[in-house]
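**Q** structure for the following, please:
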Amino acid sequence: MKKIFTLFAAVAMTLAAWANDYTGTIAVSINGEGGSQETTITVDQNEDGTYKLSIYNFALELFGTKTYVGNIVVDNLTGYTVAGKTTVVANQAITIEPGNDPENETWLGPLLGEVPIIMATQFDETNAKVDIDIDMRSSIEQFINVTFTTPVEEPLKGDVNKDGFVTSADVTAVYDILLGNDNQ
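**A** Below is the predicted model of the structure:
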């Protein structure tokens, strides 16, 4: 009996997926003009090791008007983790589903059909950074850029350029400092 419980616990841990909510600032620019607001995104790790990024019941506040967009979900993303930060990228079309907020019945996102996105996301246990380009110029004459960042709670060791991530740009900055280059 003890072996069965041990086996069940091992299988459950193997199949376990996780989810993490990040609250931060989302900035939306449409044809170069836009604004920002606070929102929460969710990053799930699926059972197969891929990732899913979601913004549920997203309502965009731009130009004094609130537009209910819907549930934005980008799924089955492969990623890689280096030094505790996971990076995922996507170049695909998604369909925005209606939200389930009982205060609103009309959602714009589903009316758009397939939405082409190019996305780069980096996250760890406490911080996330997302950059999405949506080129809808051929259908609705709009180019949309969406960025999301969480406030960085403490400086990262090695984050020379203070962008919240340790990347090759930090190595280049150190290299320039050592060589005395004043390109910053």
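**Q** any low-confidence regions in the protein?
**A** Residue ranges of the chain with pLDDT under 70: 1-18, 153-157, 168, 182-184.
**Q** quick one: the strands in it, in order.
**A** 18-30, 33-45, 51-62, 65-77, 79-82, 85-95, 114-123, 128-136, 142-149 (DSSP state E).
**Q** closest one to E105 among those strands?
**A** With CB to CB as the criterion, E105 lies closest to strand 65-77 of these, at 8.8 Å. Placement of C-beta: from N, CA and C, glycine included.
**Q** okay, domains of this protein per the record?
**A** Per automatic domain parsing, the structural domains of the chain span 16-153, 154-184.
**Q** for the last one, buried residues please.
**A** By neighbour count with 16 or more other CB atoms under 10 Å, domain 154-184 contains the buried residues L156, D159, V160, G164, F165, V166, T167, D170, A173.
**Q** quick one: contacts for the fifth one?
**A** Okay, so that is F165. Applying CB atoms under 8 Å, 6 or more residues apart in numbering, we find F165 in contact with K85, Q122, K129, L156, D159.
**Q** repeat that with 10 Å
**A** Applying CB atoms under 10 Å, 6 or more residues apart in numbering to F165 gives the contacts A83, K85, T87, Q122, D124, N127, K129, V152, L156, G158, D159.
**Q** quick check: the residue nearest to the second one when sequence neighbours are not counted vs T78, distance?
**A** Once its chain neighbours are removed from consideration, K85 has its nearest residue in D124; the separation is 4.9 Å (CB to CB, 6 or more residues apart in numbering). For D124, the distance to T78 under the criterion CB to CB, to the nearest Å works out to 17 Å.
**Q** more neighbours: which of those two?
**A** Set side by side, D124 and T78 show more neighbours around D124, with 16 against 11, by other CB atoms under 10 Å.
**Q** and the gap between that one and G49?
**A** In terms of CB to CB, D124 sits 17 Å off from G49.
**Q** coming back round to it: now the strands of the chain in TSV, with distance to T106?
**A** Conversion of the strands of the chain to TSV gives the following (distance: least, CB to CB, whole Å):
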stretch	distance to T106
strand 18-30	19
strand 33-45	19
strand 51-62	11
strand 65-77	6
strand 79-82	34
strand 85-95	17
strand 114-123	18
strand 128-136	19
strand 142-149	19
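**Q** in helices only, show me the buried residues of domain 154-184.
**A** D170, A173 (DSSP state H).
**Q** so which of the buried residues of domain 154-184 comes closest to G70?
**A** G164 (28.5 Å).
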